[in-house]
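>>> Task: produce atomic coordinates for the following.
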Amino acid sequence: MRHVTDEDPLADDAPDEAPDEAPLLDDLMPWSVAPLRLGRPWIVAPDVRTLRARWDRLVGAEGEERERLFRPSRARTPSSSVAALPGQATGTGRFAREAGPCPAPVRLAHGPFDEQWLIPDHRLIDTARPELWRVADDRQLFAVEQGYVPGGGPGTGGGPALLVTAALPDGRSPAGRPGRIRPLFRRPGGREPNVSPGLLPLLGERYGHEVTAEELLAWAVAAARPSPAGCRVPLPRDPAVWARGVELGRLLSGVQLRGARGGEKPRLPGGRRPYVRAPFPARPTTPVYDPEEEALEVDGGRISPVPVEAWEFRVGGVRMLEQWFAHRTAPAEPGTLEAIGPAAWPQEWTSELLELITVLALLAQREPDRAALDAAPSLTRRALRDAAVLPVPQGARVPASVLDHQEEGPEGQFALL
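This is a model prediction of the structure:
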């Protein structure tokens, strides 16, 4: 199957490709969006204070210095004229004239397991995917496919094929080609599930109860497997297997959401919770793991216990804890906006690290349960075709019209949707 692309929004799946394979996530949640292309790294940071300091430095510069700091690209320069992002009250005049305060940063899922902050100004983002912003609200969840890495399936260090987040995701992948971003709902307010027409009634008939979009997403989080064609999601024939997988997927999703959408913050049982045994220095560098002591050490700083499963947790073959540190400690070119950051390691970063260790440890504990779902007989793409769920109608693959709010166009003009 070829995925829907931005250049070819009406592309459909090939009718005879892999009919006896498990369906792709593209068959089940057909509306997808390509990853964001931010264009300039300084608009993302792990803390809000850094973004405001960078903004102030930029708007305080003039002429050629402002242009150099801005980092122009083919898509964006200080003279670009673009509309505001949906739901964001930011300027739409040319950035060369900008002199106001920094817009309120928003949470961004900056690749897997790394929540940072983004300046939500369309004038700064090369390709922001406004259709995602238009449906991002307190009811929305985003399923994010991870890039396919050959030989990187469950148990091989590839990590989960599908992640879920309540924060707007940029769709970055640590290795391999990035996957797609799939909102759970096509409209704000939790309206119109992004599910192939006829699929939920078919599953409800098979499993003996009404199946919701949330239930389907939970199953996909637990059961999705990587493949060269995209995420494959086997649909079991046995209702008991479905119930077990949905329960597991809800647990995994709750851990990944970290308390968002009314859930509870993830916690390890007493005696296994990580604590700071020695504080980090002002400028930590590379983390080192001591498997015998179950300790994470950074230039004299120390956290334990850190289960080996958390340290070894990888997505696309990349160790998540090492990548998290790299995003906060990698040197930046002097004189650039990326070089502006905290003078010392912030306490909130340590708190976020403790939470990340907890998240990865809890997910790793459930990996055997996730792998066990592989053995169940499942419905094939041929069965979905026989049930007239496939091929997916073209209208389900494109964004829904959202006409209940206004959006500001370039230079303050009204934007027509």
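>>> drop to CA atoms for contacts and neighbour counts, all remaining ones
Noted.
>>> check contacts around Ala343.
Ala282 (Cα atoms under 8 Å, 6 or more residues apart in numbering).
>>> element containing it?
Counting by DSSP states H and E, there is no helix or strand that carries Ala343.
>>> For Phe325, see how far away it is.
16 Å (Cα to Cα, to the nearest Å).
>>> now swap in Leu51 and tell me
Taken as Cα to Cα, the spacing of Leu51 relative to Phe325 amounts to 18 Å.
>>> Contacts only, for Val233.
22-25, 220, 223-225.
>>> JSON lines please, covering those and showing neighbour count, secondary structure and pLDDT.
As requested, these are exported to JSON lines (neighbours: other Cα atoms under 10 Å; DSSP: H, G, I helix; E, B strand; the rest coil; pLDDT from 0 to 100):
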{"residue": "Ala22", "neighbour count": "24", "secondary structure": "coil", "pLDDT": "94"}
{"residue": "Pro23", "neighbour count": "25", "secondary structure": "coil", "pLDDT": "97"}
{"residue": "Leu24", "neighbour count": "22", "secondary structure": "strand", "pLDDT": "97"}
{"residue": "Leu25", "neighbour count": "24", "secondary structure": "helix", "pLDDT": "98"}
{"residue": "Ala220", "neighbour count": "26", "secondary structure": "helix", "pLDDT": "98"}
{"residue": "Ala223", "neighbour count": "28", "secondary structure": "helix", "pLDDT": "96"}
{"residue": "Ala224", "neighbour count": "28", "secondary structure": "coil", "pLDDT": "96"}
{"residue": "Arg225", "neighbour count": "26", "secondary structure": "strand", "pLDDT": "93"}
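>>> and which of those residues is nearest Phe142?
Minimum distance to Phe142 across the contacts of Val233 is 12.2 Å, recorded for Ala220 (Cα to Cα).
>>> related to what we said a few turns ago, quick check on Leu51 and Phe325: which one has the bigger neighbour count.
Ranked by neighbour count (other Cα atoms under 10 Å), Leu51 and Phe325 place Leu51 first, with 26 against 16.
>>> How many residues are close by the closest residue to that one other than its chain neighbours?
The shortest distance from Leu51 to any residue other than its chain neighbours is 6.3 Å, reached at Ala45 (Cα to Cα, 6 or more residues apart in numbering). If you count neighbours by other Cα under 10 Å, Ala45 ends up with 24.
>>> ok, now which ones touch Ala45?
When the contact criterion is Cα under 8 Å, 6+ apart, the partners of Ala45 are 51, 116-118.
>>> which of these sit farthest apart?
Of all pairs in those, the most separated under Cα to Cα is Leu51 and Gln116 at 10.6 Å.
>>> any shared contact partners between these two?
Both Leu51 and Gln116 are in contact with 44-45, where contact means Cα under 8 Å, 6+ apart.
>>> how about low-confidence regions in the stretch 151-300 of the chain?
Across the stretch 151-300 of the chain, residues meeting the criterion (pLDDT under 70) sit at 151-158, 176.
>>> try it again with 80
Counting by pLDDT under 80, the stretch 151-300 of the chain contains low-confidence residues at 151-158, 175-177.
>>> which stretches of it form helices?
When secondary structure is read from DSSP state H, counting those that start in this stretch, the stretch 151-300 of the chain shows helices at 199-207, 213-223, 239-257.
>>> hey, which of the ones you listed is tucked in deepest?
Comparing those on average neighbours per residue, with mean count of other Cα atoms under 10 Å, the densest one is helix 213-223 at a mean of 23.
>>> Contacts for that one next, please.
Where contact means Cα under 8 Å, 6+ apart, the residues beyond helix 213-223 that reach it are 25, 143, 162-164, 184, 193-195, 200, 233-234, 242, 245-250, 252-253, 370-371, 373-374.
>>> next one: that helix to chain centre, how far?
Using Cα atoms, centre = their mean, to the nearest Å, the distance from the centre of helix 213-223 to the centre of the chain it belongs to is 16 Å.
>>> again with stretch 117-132
Taking the mean C-alpha point of stretch 117-132 and that of its whole chain, the gap between them comes to 15 Å (Cα atoms, centre = their mean).
>>> Same question for stretch 60-71.
31 Å.
>>> who's in contact with it?
40, 58-59, 77-78, 96, 99, 336-337.
>>> so where's the stretch 301-417 of the chain uncertain?
Residues of the stretch 301-417 of the chain that meet the criterion pLDDT under 80 lie in 375-377, 402-417.
>>> Where do the helices of it begin and end?
Counting by DSSP H, counting those that start in this stretch, the stretch 301-417 of the chain has these helices, from start to end: 308-311, 320-329, 347-365, 367-372, 381-386.
>>> Out of these, flag the one nearest Gly262.
Counting by Cα to Cα, and looking across all of these, nearest comes helix 347-365 at 16.9 Å.
>>> Would you mind listing the buried residues in that closest one?
350, 353-364 (16 or more other Cα atoms under 10 Å).
>>> likewise stretch 85-96?
Residues of stretch 85-96 classed as buried by neighbour count (16+ other Cα under 10 Å): 85-88, 90-96.
>>> quick one: furthest residue from the center of the chain?
Of all residues in the chain, Gly63 has its C-alpha farthest from the mean position, at 36.2 Å, by Cα atoms, centre = their mean.
>>> Just read off the phi/psi values of that one.
Note on Gly63: its backbone torsions stand at phi 60, psi -130 [degrees, to the nearest 10].
>>> Also the one 10 residues further on?
Ser73 adopts backbone torsions of phi -140, psi 180, taken as degrees, to the nearest 10.
>>> Which residue comes closest to it once chain neighbours are left out?
Counting by Cα to Cα, 6+ apart, Ser73 lies nearest to Gly39, which is 7.1 Å off, once chain neighbours are set aside.
>>> Just say helix, strand or coil for Ala84.
Three-state assignment for Ala84 (DSSP: H, G, I helix; E, B strand; the rest coil): coil.
>>> got a pLDDT number for it?
Here, the pLDDT recorded for Ala84 equals 94.
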